[in-house]
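**Student:** need a structure here:
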Amino acid sequence: MPDVLRAGDLALTAVATFRLSRLLSKGVVTSPLRAPFTRFKEAAGPSEVTEEARTGSGVGGAVGALATCPFCVAVWVVTTLTGAQILWPRQVRIVTGALTALAGADALQLAYSALQQKAQE
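**Tutor:** Sure thing, here's the model as predicted:
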C-alpha cells in the first residue's frame, strides 16, 4: 500500500470516476445494461439519455434509481478504483489515465461543436 496519496493519482481518479460514472449512468452505449431496471425518458445531450427507474418497490426499483444517478454510481466507481489501486497500482493508473484522456476528448468535442455552432450564427 502506498505511504502517500499522490495528487496526480487523486486527480486521475477524480476525473476517471466522473467519466466512468457518466458513462455507466447516462451513456447511450450502456443503456442496455440499465434497461431491465429503467425506462427511457428522453435524449439528454451528446451520447447521453435520461432514464427513470421502473415503478415499483423492491430491488428492481432501487437498482433503477441507483443506475440512473451519476452521483450514486460515482460512490461505487471510486470505491472500486481505490481498492483496485491498492492491489494493482500500475494497471489502475493506466485505466484512470485512459478514462481521464476520454474525459478530455469529450471536453474537446463539446468545445469544437460549440465553436462550430457559434461560427454558423
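**Student:** what stretches of this structure score poorly on pLDDT?
**Tutor:** For the chain, the stretches with pLDDT under 70 are 1-2, 57.
**Student:** For it, which segments are assigned as helices?
**Tutor:** Ranges of helices in the chain, per DSSP state H, are 7-26, 31-34, 59-67, 70-87, 89-120.
**Student:** Go through these and pick out the most buried.
**Tutor:** For the helices of the chain, average neighbour numbers computed from mean count of other C-beta atoms under 10 Å are highest in helix 7-26, which has a mean of 19. Any C-beta I mention is one placed from the backbone N, CA and C, and that applies to glycine too.
**Student:** And the residue nearest to the spatial centre of the chain, how far from residue 3?
**Tutor:** Nearest residue to the geometric centre of the chain (C-alpha atoms, centre = their mean): residue 21, 2.1 Å. Residue 21 is 28 Å from residue 3, where distance means C-beta to C-beta, to the nearest Å.
**Student:** quick one on the thing from earlier: export the helices of the chain to JSON lines and tack on distance to residue 42?
**Tutor:** Formatted as JSON lines, these follow (distance: least, C-beta to C-beta, whole Å):
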{"stretch": "helix 7-26", "distance to residue 42": "12"}
{"stretch": "helix 31-34", "distance to residue 42": "12"}
{"stretch": "helix 59-67", "distance to residue 42": "16"}
{"stretch": "helix 70-87", "distance to residue 42": "16"}
{"stretch": "helix 89-120", "distance to residue 42": "19"}
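**Student:** Nearest approach to residue 44 belongs to which of those?
**Tutor:** Nearest to residue 44 among the helices of the chain is helix 7-26 (6.7 Å), distances taken as C-beta to C-beta.
**Student:** Alpha carbons of the closest one, as PDB, please.
**Tutor:** C-alpha atoms of helix 7-26 as PDB (Å, rounded to 0.1, in the frame of the first residue of the first chain):
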ATOM      1  CA  ALA A   7      -2.000  14.500  -6.100                       C
ATOM      2  CA  GLY A   8      -1.700  13.200  -9.600                       C
ATOM      3  CA  ASP A   9      -3.300   9.900  -8.800                       C
ATOM      4  CA  LEU A  10      -6.000  11.700  -6.900                       C
ATOM      5  CA  ALA A  11      -6.700  13.900  -9.900                       C
ATOM      6  CA  LEU A  12      -6.700  10.900 -12.300                       C
ATOM      7  CA  THR A  13      -9.100   9.000 -10.000                       C
ATOM      8  CA  ALA A  14     -11.400  12.000  -9.700                       C
ATOM      9  CA  VAL A  15     -11.700  12.600 -13.500                       C
ATOM     10  CA  ALA A  16     -11.900   8.900 -14.200                       C
ATOM     11  CA  THR A  17     -14.600   8.500 -11.600                       C
ATOM     12  CA  PHE A  18     -16.600  11.300 -13.200                       C
ATOM     13  CA  ARG A  19     -16.200   9.900 -16.700                       C
ATOM     14  CA  LEU A  20     -17.000   6.300 -15.900                       C
ATOM     15  CA  SER A  21     -19.900   7.300 -13.700                       C
ATOM     16  CA  ARG A  22     -21.500   9.300 -16.500                       C
ATOM     17  CA  LEU A  23     -20.800   6.500 -19.000                       C
ATOM     18  CA  LEU A  24     -22.500   3.900 -16.700                       C
ATOM     19  CA  SER A  25     -25.400   6.000 -15.600                       C
ATOM     20  CA  LYS A  26     -26.200   8.100 -18.700                       C
END
